[in-house]
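Q: mind looking at a prediction? Sequence and model below.
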Amino acid sequence: MDSDLEKRRELLFAAEPADQVDRAYSILSGLPKLKILQSEKPHTLEVSYNLKDYTLAGLERALEQEGFVLDHSFLHQMARNIIYYCEDTGLHNMEIRSHNTKRNEKDVFVEISQLPHHERASVPPELREFE
């Protein structure tokens with residue numbers, strides 16, 4: 001399952017300022033558990049990380065807070081939003097524990113059978129057999 005947590009993403013920067021890809025590379029290289037590579041694509045860095053440590057949204061937000069300008073063209077922004085959603089959903093799903101009914105099925109049905117059956121009184125006697 002850890003392979004689902006390993007992510008490889010691209011950080012896409014705007015063309016200006018010209019030196020920001022190199023500056024981002026030097027800053028991100030110092031972060032633990034983050035692999036960063038120069039990309040053959042212009043204005044792009046490749047990052048690899050585990051969702052337990054980083055998210056693309058977090059990395060990009062931190063870069064923007066430091067004054068870096070990302071590429072906000074329509075297609076790149078749509079791709080980012082999909083990745084943000086998928087990573088956020090993955091993190092949320094990791095936090096969900098087994099529902100109590102899966103471990104205590106018998107207890108759940110015992111509790112249900114002890115509830116008052118006042119709803120039956122409103123059903124006409126001829127229809128009660130169809131419940």
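A: In hand now; what should we look at? Values in this document were obtained by computation on a predicted structure and should not be read as measured data.
Q: what comes up buried for stretch 32-52?
A: Residues 36, 43, 45, 47, 49, 51 are the ones in stretch 32-52 that count as buried (16 or more other Cβ atoms under 10 Å). Backbone N, C-alpha and C define where each C-beta goes, glycine included.
Q: the helix or strand containing residue 77 packs against which elements?
A: Assigned by DSSP states H and E, residue 77 belongs to helix 74-95. For helix 74-95, the elements it packs on are strand 6-12, helix 56-65, judged by 3 or more Cβ pairs under 8 Å, 6 or more residues apart in numbering; DSSP states H and E.
Q: note down every partner strand of the shortest one and its orientation.
A: Pairing partners of strand 6-12, with direction, according to DSSP bridges: strand 44-50 (antiparallel).
Q: need the contact partners of the partner strand.
A: By Cβ atoms under 8 Å, 6 or more residues apart in numbering, the surrounding residues in contact with strand 44-50 are 2, 5-13, 21, 24-25, 28, 33-39, 54, 59.
Q: swap in stretch 76-88?
A: Contacts with stretch 76-88, where a contact means Cβ under 8 Å, 6+ apart, come from 7, 9, 12, 51, 55, 56, 57, 60, 70.
Q: the second one contacts residue 56, correct?
A: Yes - taking Cβ atoms under 8 Å as the contact criterion, residue 9 and residue 56 are neighbours in contact, 5.1 Å apart.
Q: picking up where we left off before, tell me the angle of the helix holding residue 77 relative to strand 6-12?
A: Counting by axes from the mean of the first three to the mean of the last three Cα atoms, to 10 degrees, helix 74-95 lies at 150 degrees to strand 6-12.
Q: buried set for helix 74-95?
A: Neighbour-count burial for helix 74-95 flags 80, 83, 84, 87 (criterion: 16+ other Cβ under 10 Å).
Q: can you check stretch 11-23 too?
A: Quick answer for stretch 11-23 (16+ other Cβ under 10 Å): 11, 12, 13, 20, 21.
Q: tabulate those (TSV), appending pLDDT.
A: Formatted as TSV, the buried residues of stretch 11-23 follow (pLDDT from 0 to 100):
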residue	pLDDT
11	95
12	94
13	94
20	93
21	93
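Q: how about CSV for those, with distance to residue 66 added?
A: Listed next are the buried residues of stretch 11-23 as CSV, based on distance: Cβ to Cβ, whole Å:
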residue, distance to residue 66
11, 13
12, 16
13, 12
20, 10
21, 13
